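*Asks:* The following comprises the amino acid sequence and a computationally predicted model.
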Amino acid sequence: MSVRETQLRLDLAKVQQLYRKMQADKKALQQQLKEFKTQTGNFSDLVEQVLPSVVSVYVMDWDTGEEISSGSGFFVTPDTIVTNYHVVEDIADEDYFYEEDEVEQVLVETNDGKLRMAEVIFTGNAEEDLALLLITGFVLDPKTGEQVESPEEYPPLELCFDVKVGDRVIAVGNPLGQLAAAVSQGIISGIREPEEYEEGEDDEDDMAEVKVLETDASINPGNSGGPLINMAGQVVGVNTWGLEDADSFNLAIASIALDDFLAGFEETFEDDSDD
């Protein structure tokens, strides 16, 4: 899949404003990590291990330069990011697949302090609440506001499908100007089966179709779209947010569902390439 330089532009003042916001968010995250270390000891080292793979996602109105929505995401390949669909739903339809002449673009803040362009390349449906972004080789220069070619790859996180009620987990994301914590710990308090699971089936393989995890780790706009990790630093779920009952429990899309989603993208991409 080719990546083209976008013609979309933000004025210098807006770019500098975004960079100031990034610096404030980074300072907030450092403070949260300091507090997290006091509360959890060595777990903070685990968070710092995965942070290079975690990003902030900003959906922009390119005509006005205003932010439409934001969330977190993480690398599943060196140039592909997963985030929540609800983060990009204002610019990308459900079941959307990248088209060269229709590509929608967002801004992504990487952990190395760069503001990069990314393309929305694949979405599922609202129930899946997943979307894929392809990082481009361009960053926004905070001194000029211009796009500068700066190709780079980032470390992807490993998925883990072995998850049980009672497992300790950590929800990781970015503050995004929010007061709510971007890093929180908890346990898996429940595992929800997908609606299409047929009752009466006792084949153990069917349990691999589990899609949603309940956790008491706090999930909010800051860490929505970020990884829910186990104590090995592996991703067991994708944090989601915005549910009516989110105050009583928090949900993450299970990694098995993410794996199916990635396989669906690969299949769609291969079919499109063959046409």
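*Replies:* Thanks, I have it. Numbering: from 1, shown residues only.
*Asks:* For the rest of this, base every contact and every neighbour count on C-alpha atoms.
*Replies:* Will do.
*Asks:* low pLDDT regions in the stretch 1-150 of the chain?
*Replies:* Segments of the stretch 1-150 of the chain classed as low confidence (criterion: pLDDT under 70) are 1-9, 39-42, 100-101.
*Asks:* Which residue ranges of it form helices?
*Replies:* Counting by DSSP state H, counting those that start in this stretch, the stretch 1-150 of the chain has helices at residues 12-40, 43-50, 85-88.
*Asks:* Could you pull up the residues touching T215?
*Replies:* By Cα atoms under 8 Å, 6 or more residues apart in numbering, the contact set of T215 is G186, I187, I188, S189, G190, F249, N250, L251, A252.
*Asks:* Give me the residue at the spatial middle of this structure.
*Replies:* In the chain, the centroid-proximal residue (Cα atoms, centre = their mean) is G73; its distance is 1.8 Å.
*Asks:* Tell me how far that one lies from R192.
*Replies:* 23 Å (Cα to Cα, to the nearest Å).
*Asks:* coming back round to it: most neighbours, which of the contacts of T215?
*Replies:* Most neighbours among the contacts of T215, by other Cα atoms under 10 Å: L251, with 29 neighbours.
*Asks:* distance of it from R192?
*Replies:* Here L251 is placed at a distance of 10 Å from R192 (Cα to Cα).
*Asks:* Check S255 too.
*Replies:* 13 Å.
*Asks:* rewinding a little: mind picking the lowest-pLDDT entry from the contacts of T215?
*Replies:* Minimum pLDDT for those is recorded at F249 (76).
*Asks:* What score does the closest residue to it other than its chain neighbours have for pLDDT?
*Replies:* In space, and not counting its chain neighbours, F249 is closest to D216: 5.9 Å by Cα to Cα, 6 or more residues apart in numbering. On the pLDDT scale, D216 is placed at 89.
*Asks:* now swap in S273 and tell me
*Replies:* Confidence at S273, expressed as pLDDT, is 61.
*Asks:* same deal with E196?
*Replies:* E196 is given a pLDDT of 46.
*Asks:* if we can go back for a sec, which one's more surrounded, S255 and R192?
*Replies:* S255 (26 against 14).
*Asks:* Count residues in the vicinity of the closest residue to G137 other than its chain neighbours, would you?
*Replies:* Using Cα to Cα, 6+ apart and skipping the chain neighbours, the partner closest in space to G137 is P151 (4.0 Å). P151 has 12 neighbours, counted by other Cα under 10 Å.
*Asks:* which stretches of the stretch 51-200 of the chain form strands?
*Replies:* Secondary structure of the stretch 51-200 of the chain (DSSP state E, counting those that start in this stretch): strands at 54-61, 66-77, 80-83, 104-109, 115-123, 131-140, 147-149, 168-172, 183-192.
*Asks:* Please list the residues outside the second one that contact it.
*Replies:* The set of residues that contact strand 66-77 without belonging to it, under Cα under 8 Å, 6+ apart, is 53-61, 81-84, 87-88, 90, 154-158, 173-174, 176, 221-227.
*Asks:* from those, which would you call buried?
*Replies:* 53-60, 81-84, 87-88, 154-157, 173-174, 176, 221-227 (16 or more other Cα atoms under 10 Å).
*Asks:* what sits against the nearest residue to L46 once chain neighbours are set aside?
*Replies:* Sequence neighbours aside, G233 is the residue nearest to L46 in space, at 6.2 Å (criterion: Cα to Cα, 6+ apart). Residues in contact with G233 (Cα under 8 Å, 6+ apart) are L46, V47, Q49, V50, E158.
*Asks:* How about the third one, nearest residue that isn't a chain neighbour?
*Replies:* On the basis of Cα to Cα, 6+ apart, the spatially nearest residue to Q49 that is not a chain neighbour turns out to be G233, at 7.5 Å.
*Asks:* Check the gap between the one you found and Q17 for me.
*Replies:* For G233, the distance to Q17 - Cα to Cα - is 33 Å.
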